[in-house]
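**Student:** Here's my sequence, what's the structure:
(one chain, ligands or ions: 3)
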Amino acid sequence: MLVDSHCHIDGPEFAGDFAEMLGRAADAGVRYFICIGVGADGARRALRLAEEIPGVYATAGVHPHDAAAATESEFSAIRDLLRHPKMVAVGEIGLDFHGDRAPRDAQQPTFERQLDLAQETGKPVVIHCREAEEAVEATLARRGGRLRGVMHCFGGTAAQAARFIARGLLVSIPGTVTFKNAERTREVARATPVEQMVIETDSPYLAPAPFRGRRNEPAHVRLVAEAVAALRGLSFDDVARVTSRNALELFGVRDPEMEKASIVYQIRGALYVNLTNRCNAGCVFCPRATRPVIKGHNLGLPQAQEPTPDEVLAAVGDPTRFSEVVFCGFGEPTLRLPELLESAGRLKAAGATVRLNTNGLGNLQWGRDITPDLAGKFDVLSISLNTANPAQYEKIMRTDFPGADNFGAMLEFARRARLHVPQVVLTALDGFPGVDIAACERIAAANGLAFRRRVYDELG
Ligand code: SF4
Ligand SMILES: [Zn+2]
Ligand SMILES: [Zn+2]
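**Tutor:** Ligands and ions are numbered 1, 2, ... in the order given. Model prediction:
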């Protein structure tokens, strides 16, 4: 699935072949279109399309080019239009210093009053910013706080993109990323995590190569996704899935396919199995309860939908296609010990290399030493050591076993597991405040175990 997060398909450019244009978009996998309403008239046109076509959603705002001409009645019409449920954002609004088609002293207050409008309506903003990154940044800095929205058709530097992201915004990569002379946009695409990125066409403008100079249309957002995938060494599917989820979440659009929980998901050559979203810990850094999403996959599995071993095996298919099959997810697999052991055993018998990612609290959970049960079923165990400091461990992990020596039990689990599993690795998150990675490594070595530092890694 693809989302064109910014297009102008309400205009006369598409009057002659609107249905065909939608057909080509569908063929390219584009399921949602955010049709930007420029001014009250544009917003009405966009909304009409949104009411007719399920995948189209609309926005409303005074474009910076029109800042000087906007009247009070236009602003109040826009405010009214924004009440419609398919009106998903205030925009495009912003500053455009390229040619100054409206005086800057008209652009600035128009931008700011619409930022207020976004706050008032609770809708995100679509920011148009051309040769005005510093002024937009200064405006947002002066107002303070975080802002939900997107820097559309981003033309600034990678460092500026990072600063807008730090303010809560997403960065939208347009078709210009394919232009020969657009090295700066490519640099932004390389440097910006896909989790903070959306993609757009800005149709009918800015058609990507090889259509440069022709009328642009939403189907070409596929070329943007392909370009981003190539620049980042990610698969097309990953870029499509992650950027689509970002856009739909930002604009509050619910898609049944996106909401379905995944049982398996692939990262590079490995396949990950999501056995459960439940856990016996509540790590401070873990998005398990708030946004259990990895690489655009929803891992928020309701307990009633937790897979049986048969379902796991069916979802994995031929496990030898993967470098390894990893029981992981935002949840603790050993909570489902019988299902975990059966699934792992059957996958191993089918020729898979099998890894278990665990918090190492399984013995506390089950009130016995479960490590002998792991024999013959796993090739590798990754255990979250998290920190070398037992007091900090308690603070980070917030386990279901208050009063127990959680840190000691986890290390004991790791030592015992080593007797039954060929490789046991302790891991810790590099860069987590107060975590002494060198001390973590020493603990692993002292216990005869391997160590790996985890990074909040870009996926792929
Ligand atoms: S142990 Fe893992 S799944 Fe459980 S809360 Fe901590 S990080 Fe999340
Ligand atoms: Zn724009
Ligand atoms: Zn636009």
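
**Student:** What residues does the protein have near ligand 1?
**Tutor:** 279, 281-283, 286, 288, 330-332, 359 (C-beta under 6 Å from any ligand atom). All C-beta spots, glycine's among them, are computed from the backbone N, C-alpha and C.

**Student:** go again using 8 Å as the cut-off
**Tutor:** Applying C-beta under 8 Å from any ligand atom, we find that the chain lies next to ligand 1 at 279-283, 285-286, 288, 329-332, 357, 359, 361, 384, 397-398.

**Student:** Need the buried ones from these selected in PyMOL.
**Tutor:** Listed next is the PyMOL selection for buried residues among the residues of the chain next to ligand 1, using 16 or more other C-beta atoms under 10 Å:
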select buried, resi 279+280+281+283+286+288+329+330+331+332+357+359+361+384+397
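
**Student:** Which secondary structure state is assigned to residue 32?
**Tutor:** Secondary structure for residue 32, judged by DSSP: H, G, I helix; E, B strand; the rest coil, is strand.

**Student:** State the helix or strand in which the closest residue to ligand 2 within the chain lies.
**Tutor:** The nearest approach of the chain to ligand 2 comes at residue 128, 3.5 Å away (C-beta to the ion). Per DSSP states H and E, residue 128 falls inside strand 125-130.

**Student:** Next SSE downstream of that strand?
**Tutor:** helix 133-143.

**Student:** what's the longest strand along the chain packed up against?
**Tutor:** Ranked by residue count and defined by DSSP state E, the top strand of the chain is strand 87-96. Packing contacts for strand 87-96, counted by 3 or more C-beta pairs under 8 Å, 6 or more residues apart in numbering; DSSP states H and E, involve helix 39-52, strand 56-60, helix 104-121, strand 125-130, helix 133-143, strand 149-152, helix 236-251.

**Student:** repeat that with 7 Å
**Tutor:** Strand 87-96 sits against strand 56-60, helix 104-121, strand 125-130, helix 133-143, with contacts defined as 3 or more C-beta pairs under 7 Å, 6 or more residues apart in numbering; DSSP states H and E.

**Student:** how much does that strand deviate in direction from helix 133-143?
**Tutor:** On the basis of axes from the mean of the first three to the mean of the last three C-alpha atoms, to 10 degrees, strand 87-96 is oriented at 120 degrees to helix 133-143.

**Student:** so where's the stretch 351-460 of the chain shaky on pLDDT?
**Tutor:** Where the stretch 351-460 of the chain drops to pLDDT under 70, the residues are 456-460.

**Student:** Would you quantify the distance from the residue in it positioned nearest to ligand 1 to residue 329?
**Tutor:** Residue of the stretch 351-460 of the chain nearest ligand 1, by C-beta to the nearest ligand atom: residue 359 (3.7 Å). Computed as C-beta to C-beta, to the nearest Å, the residue 359 to residue 329 distance reads 12 Å.

**Student:** next one: residue 368
**Tutor:** Residue 368 sits 24 Å away from residue 329, taking C-beta to C-beta as the criterion.

**Student:** any idea where the strands of the stretch 301-450 of the chain begin and end?
**Tutor:** For the stretch 301-450 of the chain, applying DSSP state E, counting those that start in this stretch gives strands covering 325-328, 354-358, 380-384, 423-429, 450-454.

**Student:** Can you tell me which of those strands is most buried?
**Tutor:** Per residue and on average, the most neighbours among the strands of the stretch 301-450 of the chain fall to strand 325-328, with a mean of 24 (mean count of other C-beta atoms under 10 Å).

**Student:** how far is that strand from where the chain is centred?
**Tutor:** For strand 325-328, the gap between its own C-alpha mean and the chain's C-alpha mean amounts to 21 Å (C-alpha atoms, centre = their mean, to the nearest Å).

**Student:** Just the buried residues of the helix or strand hosting residue 221, please?
**Tutor:** Applying DSSP H and E as the criterion places residue 221 in helix 221-232. Using 16+ other C-beta under 10 Å as the test for burial, helix 221-232 gives 221-229, 231-232.

**Student:** okay, those residues in JSON lines with pLDDT and distance to residue 15 next?
**Tutor:** Shown next, in JSON lines, are these (pLDDT from 0 to 100; distance: C-beta to C-beta, whole Å):
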{"residue": "221", "pLDDT": "98", "distance to residue 15": "21"}
{"residue": "222", "pLDDT": "98", "distance to residue 15": "23"}
{"residue": "223", "pLDDT": "98", "distance to residue 15": "24"}
{"residue": "224", "pLDDT": "98", "distance to residue 15": "25"}
{"residue": "225", "pLDDT": "98", "distance to residue 15": "27"}
{"residue": "226", "pLDDT": "98", "distance to residue 15": "29"}
{"residue": "227", "pLDDT": "98", "distance to residue 15": "29"}
{"residue": "228", "pLDDT": "98", "distance to residue 15": "31"}
{"residue": "229", "pLDDT": "97", "distance to residue 15": "33"}
{"residue": "231", "pLDDT": "97", "distance to residue 15": "35"}
{"residue": "232", "pLDDT": "94", "distance to residue 15": "37"}
